[in-house]
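In: Provided below for reference: sequence and predicted model.
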Amino acid sequence: MSIASNLNDIKSSLPPHVTLVAVSKTKPVADLMEAYNAGQRIFGENKIQEMTEKWEQMPRDIQWHMIGHVQTNKVKYMAPYVSLIHGVDSLKLLTEINRQAARYRKTINCLLQVHIAEEETKFGMDEAELTTVLTSDEFKQMQNICVTGLMGMATFTEDETQIKKEFTHLKNIFDKLKQSELSEKTLNFKPETLSMGMSGDYKIAIACGSTMVRIGSSIFGSR
Ligand SMILES: *Cc1c(COP(=O)(O)O)cnc(C)c1O
């Protein structure tokens, strides 16, 4: 199967309210261009250096999403062009993103990563930490950040019940925040996007309320 046909198959199976991020990490520019020529404009990468190299070589109408864990000292390299950072999991990181965005007089959209999986290795905050960040004075004063939603990764398992439980948990947190006073009163918090679901579990994620799926191997092949 070609990249273009994989992409078209997936796109035609997604409900209209779900945005597709084509996860192109480790893949060469030629592969990304095949997806681009088939109409894809949103690409996800997990390493800033690799993303920046691809950004330099590829058309300017691409939206680049950082989906990996971000080191504070590397934010400056993507600040000029990144359109959404999915894996933000601390006030310290938000502070640095805000600082770099201000240098370019722009607003950078971010998703806060929530820890929903059983594995210790997956990054993210719990519900209490999320609330602490969103209600902090430091956050409210950040004029160059907009938190547009949440992101999460389920446990890597065959157990669909477990995956469903974790995605539902994240959806519940998202809905709670969306309906809270916080989202009415906090100018830089506009929860619209719920980023959950990858190649192996995106159908479950969509059934649980995902609005953005991050799909790599089902489009570009295994890594
Ligand atoms: C690699 C990656 C994906 C895509 O994974 P696939 O299984 O190849 O679809 C999605 N989200 C994150 C955070 C990733 O690192």
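Out: Cool, the structure landed.
In: tell me the contacts of the residue nearest in space to the middle of the chain?
Out: For the chain, the residue sitting closest to the mean C-alpha position, by C-alpha atoms, centre = their mean, is His86 at 3.0 Å. Each residue near His86 by C-beta atoms under 8 Å, 6 or more residues apart in numbering is listed here: Gly44, His65, Met66, Ile67, Cys110, Leu111, Gln113, Met151, Ser195, Arg214. The C-beta positions use only the backbone N, C-alpha and C, and glycine is treated the same way.
In: from those residues, which two are the most distant?
Out: For those, the farthest-apart pair by C-beta to C-beta is Cys110 and Arg214; their separation is 15.1 Å.
In: how about the residue nearest to the centre of the chain, secondary structure?
Out: The local conformation at His86, judged by DSSP: H, G, I helix; E, B strand; the rest coil, is strand.
In: sec struct for Lys171, please.
Out: Three states are possible here, and by three-state DSSP the one that applies to Lys171 is helix.
In: Go ahead and confirm it touches Ile206.
Out: No. Counting by C-beta atoms under 8 Å, Ile206 is not a contact partner of Lys171; they are 10.9 Å apart.
In: secondary structure element for the residue lying closest to Asn37 once chain neighbours are set aside?
Out: For Asn37, the nearest residue in space outside its immediate sequence neighbours is Ala4; the separation is 7.3 Å by C-beta to C-beta, 6 or more residues apart in numbering. Assigned by DSSP states H and E, Ala4 falls within helix 3-13.
In: Going toward the C-terminus from that helix, what's the next helix or strand?
Out: strand 19-23.
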